[in-house]
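Engineer: next comes the sequence, and after it the predicted model I'd like to discuss.
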Protein chains: 2
Amino acid sequence: MNAADQTVPGEFVVALDAHGGDFGPVVTVPAALQVLSTHPGLKILLSGTTDQLNPLLDKHAASGQYGQCLERLEVCEASHALAPDARPVAALRRGKGSSLWLALELVAEGRAGACVSAGSTAALLALGVKLLGMLPGIERPALMSPIPSASGHTYLLDLGATLNVSANQLVQFAIMGAVACSDKCSANPARVALLNVGHEDGKGDTVVREAHAMLRELPINYRGFIEGHDLFAGKADVAVCDGFTGNLILKSGEGLAAMFFQHLESALGQGALARVGGMLAGRSLKRALARFEPAKHNGAPLLGLQGVVVKSHGNAGRKAMANAILEAVKASERLVPQRIETMINEYSIEG
Amino acid sequence: MNAADQTVPGEFVVALDAHGGDFGPVVTVPAALQVLSTHPGLKILLSGTTDQLNPLLDKHAASGQYGQCLERLEVCEASHALAPDARPVAALRRGKGSSLWLALELVAEGRAGACVSAGSTAALLALGVKLLGMLPGIERPALMSPIPSASGHTYLLDLGATLNVSANQLVQFAIMGAVACSDKCSANPARVALLNVGHEDGKGDTVVREAHAMLRELPINYRGFIEGHDLFAGKADVAVCDGFTGNLILKSGEGLAAMFFQHLESALGQGALARVGGMLAGRSLKRALARFEPAKHNGAPLLGLQGVVVKSHGNAGRKAMANAILEAVKASERLVPQRIETMINEYSIEG
């Protein structure tokens, strides 16, 4: 079935790996329908196995809840699904025809403008590079995600796509981040910074110091080194580091936030006074702390490929998955891959 | 003045860099007196300039608040103080006779059992290595600090003493951490883990994978890889990584916690209901969230040197500085350097 052939001109098409993530179609299908119901110009190609998807779609059709939206949700038949923890070698060897492979292929063939998956990051990376290829001048891919900060949010990259980096690669990440987090013609170019163990020029190892020297020469809004505590203080719009460090910053922050909420909840449940206090302050607390909710920040663009690819958290629920799909739409509207290629050519940052 | 010559046998002596940190003697002197007032077997050598210290000590003597404690606080005259942001080269060239240099020298000469400073980390490192020397078999030093976690706290190292590490060095850090966070004859050996981007054996770069393979062969309580979110979940007592990553995990966590508290406070101040609720729940909240208070976790042992050295936060107040001094006493009681040397010899982990 060549679903995209039937695409109405002007529509935007997202390919969604229906089986990615911990919950598969039970989450991806309702998330897709939710996004379609609020975005009339959107079409979603569900890459998955019909035996699992059709019964779900029939159920939604029978419920009548999403009405005409179902017409903009089409199944593209995949032969199987990869394991949630699929390794790169397994993905490359046994991935052909899988829901993830097909979703990426739909982008490679121009039948979709972006791909979203909550599957294994390692498999997404390996197949993304294989099927879409790297952008000319970009050596390694990078995953980027917004994190809450005093200025709203700060984009952090890389989150684990490239564990060790060269100075050139850090510079490429900085450029990719600057492009991905800003609109085509923004009056306020993104403030880009390198994460380091100190602010001063001499701090850090040779890789960050070299990248720092190179970034200062580029016509981007480079603000120099920032430290860990500056990240949440909102001192930059884009914070750049190697994938090992970025992954650990992100995940330890998620762990700290979870622990904080547990303590908050338990404190507000202990003793009559605290319980009454918690009830009275509850709404205000919820509103103030909503920005820490991980679902709001789901959807990490995988930058550096010749196409828009967005990774969702494996444990994403419907709302979080819907955010990841919207992130893919936004990246496509911003022409992220095209603008990265232009900038890299312009600045001649090659390895 | 050779203060330690007058030490009563059986007493424990700590050398304190009186001028280290953002506040200098205004914080270090009262912190020292506070610790002395609760630890009768302790003596503190204040390394600093008499023109700044004597008036402060006279004031405390006149107030009568600390009574006999003042007798166990002695000034060792330094010629000057290093800048709070002193670089290693400057510390090595112009550090001789400074309050930090002298405090370390007191340990090197056996006149004090431990040294505490809130001065520049880089200077402390450079002078610590020069004046005390590395333990045989330990290639690089590591800073370690407790962070709050579900199991009470988890010790994280390295926090920035060694930015890039080899597999051998990670193994040495793991052993040092295991020793430093447990008593001499603990029935429950510390659970040690390596921080990584995944739990599985094949995850991470070659350095962490090699260290993982080596640690599995050692007779320590090694629990394998943990991820960022496991850190605060208390899955390990000691979490090991390179100093670049550790520094950024620690400081970004501090920044995130600060942002939480700001939001919490502002939420509990918005609207009458929230204000009343906040007042009612306040005590319970404070108690529950006290563990996130940075002052409680002040005092990072600098491991790998031939002597006990503890780094305090530069902006530590009296209470936090007192904690750093107690941390130094604890590390000495635990015979940390001696036990590290024994274990490294036993396991023959050399570079």
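Structural biologist: Looks like it arrived, so ask away.
Engineer: got the domain boundaries for chain A?
Structural biologist: If you go by automatic domain parsing, the domain ranges for chain A are A:1-136+A:304-336, A:139-293.
Engineer: nearest to chain B, of the ones you listed?
Structural biologist: domain A:139-293 (2.7 Å; CB to the nearest CB). Heads up, the C-betas are built off the backbone N, CA and C, glycines and all.
Engineer: chain center to the closest one, what's the gap?
Structural biologist: 14 Å (CA atoms, centre = their mean, to the nearest Å).
Engineer: likewise for stretch A:338-348?
Structural biologist: In terms of CA atoms, centre = their mean, the centre of stretch A:338-348 is set 21 Å apart from its chain centre.
Engineer: buried sites along it?
Structural biologist: A:339, A:340, A:341, A:343, A:344, A:347 (16 or more other CB atoms under 10 Å in any protein chain shown).
Engineer: on that earlier part again, quick one: closest of the domains of chain A to residue B:55.
Structural biologist: domain A:139-293 (33.7 Å; CB to CB).
Engineer: min pLDDT across the buried residues of stretch A:338-348, which one?
Structural biologist: Taken together, the buried residues of stretch A:338-348 show their lowest pLDDT at residue A:347, with 81.
Engineer: for residue A:319, what is the enclosing helix or strand?
Structural biologist: helix A:318-333 (DSSP states H and E).
Engineer: what helices or strands is that helix leaning on?
Structural biologist: Under the contact criterion of 3 or more CB pairs under 8 Å, 6 or more residues apart in numbering or on different chains; DSSP states H and E, helix A:318-333 touches strand A:12-17, helix A:25-38, strand A:114-117, strand A:300-303, strand A:308-311.
Engineer: what angle separates the longest one from strand A:12-17?
Structural biologist: Using axes from the mean of the first three to the mean of the last three CA atoms, to 10 degrees, one finds that helix A:25-38 and strand A:12-17 are set 170 degrees apart in direction.
Engineer: now the angle between helix A:318-333 and helix A:25-38, please.
Structural biologist: Using the same axes, to 10 degrees, helix A:25-38 lies at 60 degrees relative to helix A:318-333.
Engineer: ok, the first one next?
Structural biologist: Relative orientation of strand A:12-17 versus helix A:318-333 (the same axes, to 10 degrees): 130 degrees.
Engineer: which residues does stretch A:213-228 contact?
Structural biologist: By CB atoms under 8 Å, 6 or more residues apart in numbering or on different chains, the residues outside stretch A:213-228 that reach it are A:167-168, A:171, A:174-175, A:178, A:189-200, A:203-204, A:208, A:212, A:235-236, A:239, A:249, A:347, A:349, B:247-255.
Engineer: still on that earlier bit, same list (the helices and strands packed on helix A:318-333) but as TSV, adding mean neighbour count, mean pLDDT and distance to residue B:163.
Structural biologist: Converted to TSV, these look like this (neighbours: other CB atoms under 10 Å in any protein chain shown; pLDDT from 0 to 100; distance: least, CB to CB, whole Å):
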stretch	mean neighbour count	mean pLDDT	distance to residue B:163
strand A:12-17	28	96	38
helix A:25-38	22	95	41
strand A:114-117	30	98	34
strand A:300-303	28	96	25
strand A:308-311	29	97	28
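Engineer: want to try a markdown table for the ones you listed, with distance to chain B as columns?
Structural biologist: What follows is the helices and strands packed on helix A:318-333, written out as a markdown table (distance: least, CB to the nearest CB, whole Å):
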| stretch | distance to chain B |
| --- | --- |
| strand A:12-17 | 20 |
| helix A:25-38 | 20 |
| strand A:114-117 | 17 |
| strand A:300-303 | 14 |
| strand A:308-311 | 14 |
